[in-house]
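S.K.: just the structure for this:
(one chain, ligands or ions: 2)
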Amino acid sequence: MSESLELIRGEEHPKAPALSKPRAFIKSYGCQMNVYDAERMGDILALEGYDLADSADAADLVLLNTCHIRERASEKVFSELGRLRTLKKARGAEGHDMLIGVAGCVAQAEGREIMRRQSAVDLVVGPQSYHRLPDLLRRARNGRVAETDFPVEDKFAELPPLSEQRIRQRGVAAFVTVQEGCDKFCTFCVVPYTRGAEFSRPVAQVVADVERLARAGVREVTLLGQNVNAYHGEDERGRTSSLALLIRRLAEIPGISRLRYTTSHPADMNDDLIAAHREVPALMPYLHLPVQSGSDRVLAAMNRKHGAAHYLEIIGKVRDARPDIALSSDFIVGFPGESDADFEATLAIIRAVDYAGAFSFKYSRRPGTPGAERQDQIDEAVKEKRLARLQGLLEEQRQAFNAASVGRIADVLIEKKGRHSGQIAGRTPYLQAIHLDGPEELIGQIVPVEIVATGPNSLAGRRVNHGSSAGECPT
Ligand code: 5AD
Ligand code: SF4
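M.R.: Ligands and ions are numbered 1, 2, ... in the order given. Model (predicted):
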């Protein structure tokens with residue numbers, strides 16, 4: 001999961017009078033699922049008559065959609081709340097009310113603490129309850145409210161349908177949550193506590209969402225879940241559908257040209273999903289399959305439910321099924337008890353797999369998780385050194401992967417205008433950002449592009465007339 005900051009932009013609400021509309025600002029931290037949740041919260045607020053603002057300055061409601069995965073992500077919330085408190089006071093002095101809400105995983109894990117530490121917060125809402133925002137906002141106007149229970153109703157069934165206008169504003173590549181929560185209990189991770197038990201949305205609900213996205217011009221859909229390949233949603237006939245079956249269904253929806261899914265767990269990488277990589281052309285040849293560590297000892301201590309050899313075996317099967325597939329992973333260095341030899345094993349697995357991209361982190365002690373209780377915590381300086389070495393190797397691999405793309409022709413989904421005039425930008429099947437000269441009318445189309453150069457964060461390309469050389473991985 002990448003740490004990103006998402007801004008939800010304003011949209012006219014057809015029913016409300018133009019001048020008196022209250023303004024809401026949503027700031028989202030953390031993973032792609034939080035970005036998705038923030039979008040859905042924006043949809044709810046738009047229906048409640050809010051205009052969505054792009055800064056907190058003149059907002060009547062500020063919602064922080066928070067992330068609890070690592071210590072630094074949590075700390076950001078409290079410093080942001082300090083700033084918002086000052087803003088709220090200043091607005092109050094001018095005679096304007098401002099509501100402050102905290103949503104997301106920090107709200108779930110530390111709701112009470114937030115209410116205690118920060119009196120300016122009016123509303124706390126966990127990730128499973130944000131469909132109740134309209135009611136919570138009404139109550140928050142009369143006194144502070146916190147909603148962090150795991151509700152019995154299906155949040156997704158309660159959410160308003162996706163608005164075509166808002167889908168169009170967000171572009172031709174969209175995210176859809178299909179699975180949420182986790183039952184794996186890796187010993188470093190807060191997700192099973194903040195997002196709750198594993199839950200899969202019914203197939204019909206997902207299909208309806210993706211059809212709606214396709215009608216509004218979306219060409220690429222990334223299926224989201226904390227443990228997305230554990231998906232086991234019920235289909236229309238009451239049978240359990242695997243992620244592979246869901247992917248096959250979605251690939252048939254007219255207009256949907258590209259499918260991705262993230263984040264997967266190696267233990268759930270079963271044969272039917274691997275076969276889908278061979279048989280479903282819309283399934284992009286890029287797989288994020290986190291291994292976290294290359295040491296069997298550390299993997300066992302992390303409760304990952306697989307060893308290094310098993311992971312490599314899965315990668316082998318995936319590569320047999322789809323020889324042009326590229327891989328990415330998450331890594332944690334400095335898990336309690338990690339020795340130099342354990343760390344070397346992680347470097348070894350990185351060399352064995354050869355990744356096109358990765359996210360890597362120093363282990364962060366999370367309250368309430370078994371890892372946090374261990375006495376054999378690793379020194380920060382050691383973690384720093386290991387992370388630098390690991391990132392050096394991963395960066396070499398990423399650059400080599402990009403460099404090997406030069407001279408090849410890739411199918412590029414054009415997503416938006418580029419930074420310079422006359423330029424457009426999109427992504428290759430391998431999620432590489434690429435820019436090229438071309439008309440805006442190509443947005444939403446998949447066009448063959450010759451990759452001519454690599455930069456630090458993106459590729460440069462040139463339009464060509466003939467088909468792609470996809471089917472060959474750059475490395
Ligand atoms: N410390 C460091 N990294 C963590 N992750 C999850 N929990 C922690 C933690 N306590 C990382 C894992 C996971 C990614 C989303 O975040 O690598 O795959
Ligand atoms: Fe966290 Fe492990 Fe579940 Fe992923 S599989 S969300 S790392 S507990």
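S.K.: where does the protein come near ligand 1, residue by residue?
M.R.: Proximity of the chain to ligand 1 is confined to 1, 69-70, 188-189, 290, 292, 330, 332, 361, 363-364, 366 under the rule C-beta under 6 Å from any ligand atom. Using the backbone N, CA and C atoms, a C-beta is placed for each residue, glycine as well.
S.K.: filter these to the buried ones?
M.R.: The neighbour-count test (16 or more other C-beta atoms under 10 Å) marks 1, 69, 70, 188, 189, 290, 292, 332, 361, 363, 364, 366 as buried among those.
S.K.: farthest-separated two in those?
M.R.: Among these, the pair separated by the greatest distance (C-beta to C-beta) is 290 and 366, at 16.6 Å.
S.K.: quick one: stretch 289-308 to chain centroid distance?
M.R.: Per C-alpha atoms, centre = their mean, to the nearest Å, the displacement of stretch 289-308 from the mean C-alpha position of its chain is 22 Å.
S.K.: can you pull the contacts of residue 375?
M.R.: residue 336 (C-beta atoms under 8 Å, 6 or more residues apart in numbering).
S.K.: wait, is it part of a helix?
M.R.: No - checked against DSSP: H, G, I helix; E, B strand; the rest coil, residue 375 lies outside a helix; its state is coil.
S.K.: strands - which of the buried ones among the residues of the chain next to ligand 1 land there?
M.R.: Residues of those located in strands (DSSP state E): 332, 361.
S.K.: for ligand 2, state which of the buried ones among the residues of the chain next to ligand 1 is nearest.
M.R.: For those, the closest approach to ligand 2 (C-beta to the nearest ligand atom) belongs to residue 189, at 3.1 Å.
S.K.: looking at the helix or strand harbouring residue 359 now, give me its mean pLDDT.
M.R.: In this assignment (DSSP states H and E), residue 359 forms part of strand 357-362. The pLDDT scores in strand 357-362 average 98.
S.K.: ok, now stretch 270-288?
M.R.: For stretch 270-288, the per-residue pLDDT averages 98.
S.K.: for stretch 139-151, same thing?
M.R.: 91.
S.K.: related to what we said a few turns ago, need the max-distance pair from the residues of the chain next to ligand 1.
M.R.: 290 and 366 (16.6 Å).
S.K.: show me what from this structure comes close to ligand 2.
M.R.: So the chain meets ligand 2 at 182, 184, 185, 186, 189, 191, 192, 226, 227, 265 (C-beta under 6 Å from any ligand atom).
S.K.: switch the cut-off to 5 Å
M.R.: By C-beta under 5 Å from any ligand atom, the residues of the chain that approach ligand 2 are 182, 184, 186, 189, 191, 226, 265.
S.K.: in strands, which of these fall?
M.R.: Going by DSSP E, the strands hold none of the residues of the chain next to ligand 2.
S.K.: format those residues as TSV; extra columns: distance to residue 103 and pLDDT.
M.R.: Listed next are those as TSV, based on distance: C-beta to C-beta, whole Å; pLDDT from 0 to 100:
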residue	distance to residue 103	pLDDT
182	19	95
184	24	96
186	24	98
189	20	97
191	16	94
226	17	94
265	26	98
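S.K.: can you say which of those residues are buried?
M.R.: Of the residues of the chain next to ligand 2, these count as buried by 16+ other C-beta under 10 Å: 182, 184, 186, 189, 191, 226, 265.
S.K.: picking that back up, just the closest of the residues of the chain next to ligand 1 to residue 104, please.
M.R.: Nearest member of the residues of the chain next to ligand 1 to residue 104, counting by C-beta to C-beta, is residue 69, at 10.5 Å.
S.K.: the helices in the stretch 1-150 of the chain, which residues?
M.R.: Secondary structure of the stretch 1-150 of the chain by DSSP state H, counting those that start in this stretch: the helices cover 32-47, 71-93, 104-117, 133-140.
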